[in-house]
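**Q** sequence unknown, structure follows:
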């Protein structure tokens, strides 16, 4: 009976040793798998951080481009308003140029030293040539902007 117990004990010890070796091997496999997962996770995190930095740089570039476009839009709106004012003033300017051309075609009036003997009776000397027009009609600037600003590459 003792021999039977010793044999069973030896078999149990052998089974426990086998299980211990199996558990050690499985533990090593699990540690290797965990190490692989940790390395894969670290690589993925590094890749995502790189993509995030690239996206942030791209968004900063786009933000700068957007600000440049906004500034250009403001400039173009101002130019558009200026062109609208010029177009509104064109008929008056065309009439003025036609009158000036007509005046140049006329023969010169002989000069007289006394006002009383002048053919116009001295009217030209007393006329202020405003014709009742407000000088604002010919302004090339908005009321809230300075008149010395540079427009279309020139100062007005």
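**A** Perfect, I can see it now. All values derive from a computational prediction rather than experimental measurement.

**Q** and the pLDDT at residue 71?
**A** At residue 71, the predicted lDDT confidence score is 97.

**Q** now do it against residue 14, distance only.
**A** From residue 71 over to residue 14 the distance is 85 Å, taken as CB to CB, to the nearest Å. Backbone N, C-alpha and C define where each C-beta goes, glycine included.

**Q** if I pick residue 53, what's in contact with it?
**A** With contacts defined as CB atoms under 8 Å, 6 or more residues apart in numbering, residue 53 has no neighbours.

**Q** from residue 46, how far out is it?
**A** Distance of residue 53 to residue 46, given as CB to CB: 11 Å.

**Q** what of residue 98?
**A** The gap separating residue 98 from residue 46 is 77 Å, by CB to CB.

**Q** repeat for residue 29
**A** 26 Å.

**Q** and the biggest helix by length in the chain, how far out from the chain's middle?
**A** Counting by DSSP state H, the longest helix found in the chain is helix 2-105. Mean-position distance between helix 2-105 and its chain equals 20 Å (CA atoms, centre = their mean, to the nearest Å).

**Q** okay, now the unreliable bits of this protein?
**A** 112-156 (pLDDT under 70).

**Q** apply 80 and report the result again.
**A** In the predicted model, the chain carries pLDDT under 80 at residues 107-156.

**Q** and the residue of it positioned farthest from its centre, how far from residue 32?
**A** In the chain, the residue that sits farthest from the middle, by CA atoms, centre = their mean, is residue 1; the gap is 95.9 Å. To residue 32, residue 1 is 46 Å away according to CB to CB.

**Q** likewise for residue 66?
**A** Counting by CB to CB, the gap from residue 66 to residue 32 is 50 Å.

**Q** just residue 52 next, same as before
**A** In terms of CB to CB, residue 52 sits 30 Å off from residue 32.

**Q** cool, and residue 54?
**A** Counting by CB to CB, the gap from residue 54 to residue 32 is 33 Å.

**Q** can you report how many residues neighbour residue 89?
**A** Residue 89: 15 surrounding residues under other CB atoms under 10 Å.

**Q** kindly report the same for residue 13.
**A** Applying other CB under 10 Å, we find 10 residues neighbouring residue 13.
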